[in-house]
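Enquirer: everything below, folded, please.
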Amino acid sequence: MKRQKATGSEALLNIYRRGKMNIKKNDNKIIAYDVKDFNSTHIFDCGQCFRWNKEEDGSYTGVVKNKVINVLQKGSTVEFNNINIDDFENTIINYFDFDTDYGAIKKTVNTDDVMAEAIKFGEGIRILNQDEWEIMISFMISANNRIPMIKKVIENLSASFGDYIGNYRGKDYYSFPTAESLSSAPVEKILECKAGFRAPRIKEAAVRFMNESDQIYNIKNMSYDEGLSYLKSYVGIGDKVANCILLFSMRHFNTFPVDVWVRRVMQTLYVSKDTKDADIRKFAENKFGEFSGFAQQYLFYYARENGIGK
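Expert: Predicted coordinates for the structure are as follows:
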């Protein structure tokens, strides 16, 4: 399956795969063989997504486009369970960014010994193609919050305001709530989902999104500065959250979100301890260029898992 024509920073380097992935159809699953640059733990635990959870068998189960999907990796073989071939071709290929050559990206951002070590440590990271609305609300929830709590709030919102998808492995799954459902929800009900001070901001964002959804979905075609400015006009979206939204759902790979772990690794290994976040981001964007977002993911995962600067 060929990817549609790339736009923006995606087109800067001709690094997208053209060949077909070797796959095998099975009962309610697709098996992909000889998968390169893919590690499910690296992907789901690198801070870019909040609806994937690890199972006892080491697999991960999550919701993508209102479909419950289970991913089980055995070396270079990856099983995508609870899907058919149409789901694989129409959802999985794009969601996991399988048409992008991550080997070429690694060579581009591997600019020094620190990055070489970070890339080696998180070699299987991929930046997922996630829905703009879902990521916008998810990262609003992430502000001043820990990942387990972020996941819980999103799970509560989905159960309260999303649609029931079905039961998988004994657990009920729900779709991420639409802007329409959240815009009509009383703030008190959103508060019951443990959203805290973010509850009125979530409702306000949903009401505004109802009138401006076309603009949100067009941000990937805007310049970075235009997209950043527009997102920050929403109450509850500051610089860091806006950059995360741009990177994790809008394909602006030139951005470099700075959170506590990225700040620690940069101040420990690249810049002085008193360097401000804006200057860290500028340093990184100058150093890593149009693929700064990929460098950010390798550095984030490397720093957090190794406690760098803690």
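
Enquirer: export the longest helix along the chain as PDB, just CAs?
Expert: Within the chain, and with DSSP state H defining each element, the longest helix by residue count is helix 199-217. Once non-C-alpha atoms are left out, helix 199-217 reads as follows in PDB (Å, rounded to 0.1, in the frame of the first residue of the first chain):
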ATOM      1  CA  ALA A 199     -12.900  20.400  33.200                       C
ATOM      2  CA  PRO A 200     -14.100  23.800  32.100                       C
ATOM      3  CA  ARG A 201     -11.300  24.100  29.700                       C
ATOM      4  CA  ILE A 202     -12.200  20.800  28.100                       C
ATOM      5  CA  LYS A 203     -15.800  21.900  27.600                       C
ATOM      6  CA  GLU A 204     -14.800  25.300  26.300                       C
ATOM      7  CA  ALA A 205     -12.400  23.600  23.800                       C
ATOM      8  CA  ALA A 206     -15.200  21.200  22.700                       C
ATOM      9  CA  VAL A 207     -17.600  24.100  22.100                       C
ATOM     10  CA  ARG A 208     -15.100  26.000  20.100                       C
ATOM     11  CA  PHE A 209     -14.000  22.900  18.200                       C
ATOM     12  CA  MET A 210     -17.500  22.400  17.000                       C
ATOM     13  CA  ASN A 211     -17.200  25.700  15.000                       C
ATOM     14  CA  GLU A 212     -13.600  25.400  14.000                       C
ATOM     15  CA  SER A 213     -12.900  21.700  13.300                       C
ATOM     16  CA  ASP A 214     -11.800  22.500   9.700                       C
ATOM     17  CA  GLN A 215      -9.100  24.800  11.000                       C
ATOM     18  CA  ILE A 216      -7.800  22.200  13.500                       C
ATOM     19  CA  TYR A 217      -7.600  19.500  10.800                       C
END
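
Enquirer: next one: it to chain centre, how far?
Expert: Relative to its chain's centre, helix 199-217 lies at 20 Å (Cα atoms, centre = their mean, to the nearest Å).

Enquirer: can you give me the pLDDT of Gln4?
Expert: Listed pLDDT for Gln4 reads 44.

Enquirer: sorry, back to before: quick check: next helix or strand after the longest helix of the chain?
Expert: helix 224-232 (DSSP states H and E).

Enquirer: pull that following helix out as CSV, backbone CA atoms only.
Expert: Extracted as CSV, the C-alpha positions of helix 224-232 are listed here (Å, rounded to 0.1, in the frame of the first residue of the first chain):
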residue,chain,number,x,y,z
TYR,A,224,4.7,25.8,12.3
ASP,A,225,4.4,29.3,13.7
GLU,A,226,0.8,29.6,12.4
GLY,A,227,-0.2,26.3,13.9
LEU,A,228,1.5,27.1,17.3
SER,A,229,-0.2,30.5,17.5
TYR,A,230,-3.6,29.1,16.7
LEU,A,231,-3.4,26.2,19.2
LYS,A,232,-2.2,28.6,22.0
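
Enquirer: I'd like the average pLDDT over that helix.
Expert: On average, helix 224-232 scores 97.

Enquirer: same check on stretch 60-74?
Expert: 97.

Enquirer: what residues sit buried inside it?
Expert: 60-64, 67-73 (16 or more other Cβ atoms under 10 Å). Backbone N, C-alpha and C define where each C-beta goes, glycine included.

Enquirer: so which of these sit within strands?
Expert: Using DSSP state E, the subset of the buried residues of stretch 60-74 located in strands is 60-64, 67-73.

Enquirer: show me what the longest helix of the chain is packed up against.
Expert: Contacts defined by 3 or more Cβ pairs under 8 Å, 6 or more residues apart in numbering; DSSP states H and E place helix 199-217 against helix 132-142, helix 179-183, helix 187-191.

Enquirer: just name the most buried of those helices.
Expert: helix 132-142 (a mean of 24; mean count of other Cβ atoms under 10 Å).
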